[in-house]
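Trainee: here is my input, please return the structure:
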Amino acid sequence: MSAGVPGLGWGGIVRLGLVQSAIGASVMLSTSLLNRIMTVELALPLALPAGLVAWHYGVQLARPFWGHGSDRGARRTPWIVGGMATLMLGSLLAVDSLGMLAAGAPLGYLMAITAYALIGAGVGAAGTSLLALLATLVAPERRAAAAATSWIMMIAGIVVTAAIASKLVDPFSPFRLAMVSGGIAVGAFLLAWGAVRGVEPRGRVVPAEEVPTQSFGAALAEMLAERDARHFTGFVFLSMLAYSMQDLILEPFAGLVFGFTPGQSTGLSGLQHSGVLVGMLLAGIGGSAFGGGAPAALRRWIVGGCMGSALALAGLGIAARIGPAWPLAANVWLLGFANGVFAVAAIGAMMGLASSAGPAREGLRLGVWGAAQAIAFGLGGLSGALGVDLLRAMGAGAESFAGVFAVEAGLFLLAALLATGMRAGSPKFREAML
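Mentor: Just a heads-up that it's a prediction; the model follows:
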C-alpha cells in the first residue's frame, strides 16, 4: 500500500466481500445447478458439463495477464465491473444453450463453449483484480483478515443462492430454470457493481514511479525466478487439485445413488458450503489468521484441513457402498467444514506472500497463483467426472464414485505431507506461511 493511501476500513472490506459473494452466486449456477440438470434431467454424459467447467478454468490461464494489466492501469475497479458483466452474459448464455444441447444440435455445443469461455474470463478478470485491490488498499495487519472475509463472503453467497435456487427450481421445468438463473445472474452483477462503486480512490493506487513498466513476459519471468514463488505455486496446484475433484460428481452422486431431486441435491451443495463457511470462521479465529498468533498457525490449519477432508471423502466412499442408510448430509457437511479450514489458511498465506513482493506487483502474483488454482480445478473436476464415467462404463455402478473419492482422499494426504515440509525456505516464505 502506497504512502498517502489510507488503509481500507472494515466497511470497505465487507463491501468488496460482497463482490466475492456475487462471484460465488454466479459460479454456483454454472458449476453446480447446471451440472446437475445436464447430467440427470437431460441425461447427458457427465463428461459434458465436466468438460465445459474445465474449459472455463482453462480460460482462466489468462489470470496473470489480467492481473498484470490491472497492476499497470490507473484503477482496478473497471476490471472488476467489466469482469462481472462478462460473467453475467456467460451465465445467461449457458442457460439458453440447454435446450439445444438436449436436442443434440451443434449450435447448442457452440453456445455452451462460448458461454463457459465468458464465465471463465469474467471470473478471472473480476476475481484477480478484486484480490489485488484488497492486497493494495488493506493495511498489512489486516490483509489476512481481508482475505478470509472475502473468501467467507464468497461461500456465503454460494450458500444463500443455493438455498434460494433449491426452493424455486422445484418442480423443475425449463421455464422455471430460466427465470431463476436469469435472476441470479443479473442480481449478482448489480450487487457487485453497487458494492465496488466508490471504494477505490480516484487516480492511481500507487505513485506513477512505482507502477511496473516492464512487459508481461518480463514481469512473469522475474516472479518465477524466485524460489519462494515457484514453491508456493506448486503447493497451490496440488492442494487445489485435491480440493476440486468432487465438485462435479457430488450432486450427480446424490441423485443417482441416493435418489435426490434437483432441489434436494442443490440443497446438499448449499449444506456443504455452509460447512465450508463454519470451517473458515473457525480457522480464521482459532488459527489467528485475522492477525498475529502463534508460529506455524496457518500451516497447522492447512494440514488439519487436508487430513479432515481425506477422512470425509473416505466416508463418502463408504456411502457409495451402503447407500441411503449412510448419513450423507452430515458427511457432506463435514467435508465442507474441513475444506473451509484448509482454504482460509491457504488464502491467508497467499495474500501474505503476494503483498511482500512490493507495490503494484500483487495482481501478477495473485494471477499466477489463480491460474495454478484454475488448472488444478479444471483437471480435478474433469478427471473426477471422467473417472466416474469410465468406471461406470466398466460396470462398477456406485463403486465408480467410491474409487474417485478414494483417489481424492489420497491427494489430500499428499497435500498435507507437502505442507508439513514448508518450513524450509527463505525467511520471506516462512514469514508468509507462519
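
Trainee: immediately after the host helix or strand of residue 373, which helix or strand?
Mentor: Assigned by DSSP states H and E, residue 373 belongs to helix 362-393. Proceeding N to C from helix 362-393, the next assigned helix or strand is helix 399-420, under DSSP H and E.

Trainee: so what touches that next one?
Mentor: The contact list for helix 399-420 (CB atoms under 8 Å, 6 or more residues apart in numbering) reads 234-235, 238-239, 241-243, 245-246, 249, 253, 257, 299, 302-303, 306-307, 309-311, 313-314, 316-318, 320-321, 384, 387-392, 396. In short, each C-beta sits where N, CA and C put it, glycine included.

Trainee: buried only: go through those residues for me.
Mentor: 235, 238-239, 241-243, 245-246, 249, 253, 257, 299, 302-303, 306-307, 309-311, 313-314, 316-317, 320, 384, 387-389, 391-392 (16 or more other CB atoms under 10 Å).

Trainee: quick one, the helix holding residue 373 and helix 399-420 angle?
Mentor: 150 degrees (axes from the mean of the first three to the mean of the last three CA atoms, to 10 degrees).

Trainee: check which residues of helix 362-393 are buried.
Mentor: By neighbour count on 16+ other CB under 10 Å, the buried set for helix 362-393 is 362-389, 391-392.

Trainee: pretty sure residue 269 sits against residue 250.
Mentor: Yes - counting by CB atoms under 8 Å, residue 269 does reach residue 250; the two are 7.0 Å apart.

Trainee: between the two, who's got more neighbours?
Mentor: Between residue 269 and residue 250, residue 269 has the larger neighbour count (other CB atoms under 10 Å), namely 28 against 24.

Trainee: next one: phi and psi at the more buried one?
Mentor: phi -60, psi -40 (degrees, to the nearest 10).

Trainee: flag the shaky bits of the stretch 101-250 of the chain, pLDDT-wise.
Mentor: For the stretch 101-250 of the chain, the stretches with pLDDT under 70 are 140-145, 202-216.

Trainee: wait, I meant the stretch 301-434 of the chain
Mentor: In the stretch 301-434 of the chain, residues with pLDDT under 70: 352, 354-361, 421-434.

Trainee: please repeat the previous calculation with a cut-off of 80.
Mentor: 344-365, 377-378, 381-382, 395-397, 418-434 (pLDDT under 80).

Trainee: hmm, residue 237 is touching residue 377, no?
Mentor: No - with contact defined as CB under 8 Å, residue 237 does not count as touching residue 377 (9.9 Å).

Trainee: just confirm residue 278 contacts residue 340, I think it does.
Mentor: Yes - with contact defined as CB under 8 Å, residue 278 reaches residue 340; the gap is 6.6 Å.

Trainee: neighbour-wise, which of these two wins?
Mentor: A count of neighbours by other CB under 10 Å puts residue 340 above the other of residue 278 and residue 340, at 29 against 17.

Trainee: the more buried one in helix, strand or coil?
Mentor: helix (DSSP: H, G, I helix; E, B strand; the rest coil).

Trainee: how much space between it and residue 386?
Mentor: In this view, residue 340 and residue 386 are 27 Å apart by CB to CB, to the nearest Å.

Trainee: check residue 282 too.
Mentor: Applying CB to CB to residue 282 and residue 386 gives a distance of 34 Å.

Trainee: ramachandran angles for residue 259?
Mentor: Residue 259 adopts backbone torsions of phi 70, psi 30, taken as degrees, to the nearest 10.

Trainee: from what I can see it touches residue 323, true?
Mentor: No - contact between residue 259 and residue 323 fails when scored by CB under 8 Å: they sit 9.4 Å apart.

Trainee: what's around residue 398, how many residues?
Mentor: For residue 398, the tally of surrounding residues (other CB under 10 Å) stands at 17.

Trainee: adjust the sequence numbering to begin at 57 for everything that follows.
Mentor: With 57 as the first residue, the last one maps to residue 454.

Trainee: surely it and residue 379 touch.
Mentor: Yes - using CB under 8 Å, residue 454 is in contact with residue 379, at 7.2 Å.

Trainee: who touches both of these two?
Mentor: residue 313.

Trainee: next helix or strand past the helix or strand harbouring residue 297?
Mentor: Per DSSP H and E: residue 297 is located in helix 283-300. Per DSSP H and E, the first helix or strand lying C-terminal to helix 283-300 is helix 306-314.

Trainee: tilt between that following helix and helix 418-449?
Mentor: Using the same axes, to 10 degrees: helix 306-314 against helix 418-449 is 20 degrees.

Trainee: ok, and what's touching helix 306-314?
Mentor: Here helix 306-314 makes contact (CB under 8 Å, 6+ apart) with 88, 91-92, 95-96, 102, 316-318, 320-322, 324-325, 328, 372, 375-376, 379-380, 384, 388, 444, 454, 457.

Trainee: which of those residues are buried?
Mentor: Buried among these (16+ other CB under 10 Å): 88, 91-92, 95-96, 102, 316-318, 320-322, 324-325, 328, 372, 375-376, 384, 388, 444, 454, 457.

Trainee: buried ones in stretch 207-226?
Mentor: So for stretch 207-226, counting by 16+ other CB under 10 Å, buried means 207-222, 224-225.

Trainee: please apply the same query to stretch 64-82.
Mentor: Buried residues in stretch 64-82 (16+ other CB under 10 Å): 64, 68-69, 71-82.

Trainee: can I get the CA coordinates of it in PDB?
Mentor: Output in PDB follows, covering the C-alpha atoms of stretch 64-82 (Å, rounded to 0.1, in the frame of the first residue of the first chain):
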ATOM      1  CA  LEU A  64      -9.200   0.300   3.800                       C
ATOM      2  CA  GLY A  65     -11.600   0.100   6.800                       C
ATOM      3  CA  TRP A  66     -13.800  -2.800   7.700                       C
ATOM      4  CA  GLY A  67     -16.800  -1.300   5.900                       C
ATOM      5  CA  GLY A  68     -14.800  -1.200   2.700                       C
ATOM      6  CA  ILE A  69     -13.500  -4.700   3.200                       C
ATOM      7  CA  VAL A  70     -17.100  -6.000   3.700                       C
ATOM      8  CA  ARG A  71     -18.200  -4.100   0.600                       C
ATOM      9  CA  LEU A  72     -15.500  -5.800  -1.500                       C
ATOM     10  CA  GLY A  73     -16.500  -9.000   0.100                       C
ATOM     11  CA  LEU A  74     -20.000  -8.600  -1.500                       C
ATOM     12  CA  VAL A  75     -18.300  -8.700  -4.900                       C
ATOM     13  CA  GLN A  76     -17.000 -12.100  -3.900                       C
ATOM     14  CA  SER A  77     -20.500 -13.100  -2.800                       C
ATOM     15  CA  ALA A  78     -21.700 -12.100  -6.300                       C
ATOM     16  CA  ILE A  79     -19.000 -14.100  -8.000                       C
ATOM     17  CA  GLY A  80     -19.800 -17.100  -5.800                       C
ATOM     18  CA  ALA A  81     -23.500 -16.900  -6.600                       C
ATOM     19  CA  SER A  82     -22.900 -16.800 -10.400                       C
END
